[in-house]
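Undergrad: 3D, please:
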Amino acid sequence: MFKKFIIAAMAITFVFGSIGMTFAGNKGNKRKGKYTYRKVYKACNERGAIDYTKPHLSPDGKSQAEWTQVFKEKDFNQFKCKEEWEKLSEKDLLDIYTYLHAHASDSPTPAKCK
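TA: Residues are numbered from 1 along each chain as shown. Okay, here's the model as predicted:
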């Protein structure tokens, strides 16, 4: 009886551990996303395409659902600097998405770019 209980407990632990690792693997790095997001605009400014170095669109400018939609459709026209956005890797985009989503207007910690 005790042996069956131990086996069942181990199986449940394995299942929940696997589920947790699956969800954890799809997250980007917020800090790197913030850095990359700002770096895109700095590079764009140095190229002369825009006259500002800070992103004109703050994380709190959209809700989490709106940020999800933007990155799902890969509609980066509203960000300007098309050339720089096209050069970003999928990992960089995931990091930026994680940063913007985590600090959206309806998130627990909304933030503005400073």
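
Undergrad: so how many other residues sit close to residue 52?
TA: 11 (other CB atoms under 10 Å). C-beta: built from backbone N, CA, C; applies to glycine.

Undergrad: which residue packs closest to it, ignoring adjacent ones?
TA: Distances taken as CB to CB, 6 or more residues apart in numbering place residue 45 nearest to residue 52, at 6.5 Å, with adjacent residues excluded.

Undergrad: again with residue 91
TA: Residue nearest to residue 91 in three dimensions, not counting chain neighbours: residue 28, with 7.3 Å by CB to CB, 6+ apart.

Undergrad: quick one: contacts for the one you found?
TA: By CB atoms under 8 Å, 6 or more residues apart in numbering, residue 28 lies in contact with 91, 94, 95, 96, 97, 98, 99.

Undergrad: Send over stretch 33-46 as CSV, restricted to the C-alpha atoms.
TA: What follows is stretch 33-46, C-alpha atoms only, in CSV (Å, rounded to 0.1, in the frame of the first residue of the first chain):
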residue,chain,number,x,y,z
GLY,A,33,14.1,42.9,-23.6
LYS,A,34,14.2,46.4,-22.1
TYR,A,35,17.8,46.8,-23.2
THR,A,36,17.2,45.5,-26.7
TYR,A,37,14.1,47.6,-27.1
ARG,A,38,16.0,50.8,-26.3
LYS,A,39,19.0,49.7,-28.4
VAL,A,40,16.7,49.4,-31.5
TYR,A,41,15.8,53.1,-31.2
LYS,A,42,19.3,54.2,-30.4
ALA,A,43,20.5,52.5,-33.6
CYS,A,44,17.6,53.9,-35.6
ASN,A,45,18.5,57.4,-34.3
GLU,A,46,22.2,57.0,-35.2
